[in-house]
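*Asks:* I would like the atomic coordinates for the input below:
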Amino acid sequence: SCAGMLKVAQMISLLIGFISVNNSPWTDYSAYSFFQIVTMCDLVMILFFYIMHIFRVYRKLTCVSWPLAEFLHYLIGTILLLIGSIVAATKSYNITGLVAGATFGFLATILCVISMWSSYKVSCITQSTSK
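*Replies:* Sure thing, here's the model as predicted:
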């Protein structure tokens, strides 16, 4: 589906951004360690929701509002990823790997905004039409 392909694109861009920053010489430890932590946490959470959708676990666990959980994940993750990408871009000092990591961080941020918008649209339209 389109949402599944969007999640895969997010995971790939986050992984490329993480690898680019990890294999580059750092000039500011705190900025890039924050970027790495945010990208890996976001990657793990996107993978979690992807697996939930693949195996349709959300149908068995009805006590959790999955659209709300996914929306909150994307909201918090996107804000942290945007902050991390901005900090990584400003501290890159024209080192190619760090610039590439920040670029893929911004790409992942855009993809997360699209997912957040589609998640919000689906949950709100579904709830408003069911009343």
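*Asks:* need the helix or strand of this structure with the lowest average pLDDT.
*Replies:* Least confident helix or strand, the chain: helix 96-130 with a mean of 80, by mean pLDDT, DSSP states H and E.
*Asks:* Does the residue nearest the centre of the chain lie in a helix or a strand, and which?
*Replies:* Nearest to the geometric centre of the chain sits D42, at 4.6 Å (C-alpha atoms, centre = their mean). Following DSSP states H and E, one finds D42 within helix 29-54.
*Asks:* And that helix, what does it pack against?
*Replies:* Helix 29-54 is packed against helix 2-22, helix 66-90, helix 96-130, with contacts defined by 3 or more C-beta pairs under 8 Å, 6 or more residues apart in numbering; DSSP states H and E. Yep, even glycine has a C-beta here, placed from its N, CA and C like the rest.
*Asks:* circling back to that earlier point, ok, and for the least confident helix or strand of the chain, which residues are buried?
*Replies:* With burial defined by 16 or more other C-beta atoms under 10 Å, the residues of helix 96-130 counted as buried are 97-109, 111-112, 114-116, 119-120, 123.
*Asks:* Stretch 14-30 too?
*Replies:* Across stretch 14-30, burial judged by 16+ other C-beta under 10 Å covers L14, I16, G17, F18, I19, S20, V21, S24, W26.
*Asks:* where are the low-confidence patches of this protein?
*Replies:* By pLDDT under 70, the low-scoring segments of the chain are 121-131.
*Asks:* Next, work out how far apart the residue nearest to Y50 when sequence neighbours are not counted and S1 are.
*Replies:* Nearest residue to Y50, sequence neighbours excluded (C-beta to C-beta, 6 or more residues apart in numbering): K7, at 4.7 Å. Distance, K7 to S1, by C-beta to C-beta, to the nearest Å: 10 Å.
*Asks:* quick one, which of these two is more surrounded?
*Replies:* A direct count of neighbours by other C-beta atoms under 10 Å for K7 and S1 places K7 higher, at 20 against 7.
*Asks:* coming back round to it: S118 is in contact with the residue nearest to Y50, correct?
*Replies:* No: if you go by C-beta atoms under 8 Å, K7 and S118 don't touch, sitting 10.8 Å apart.
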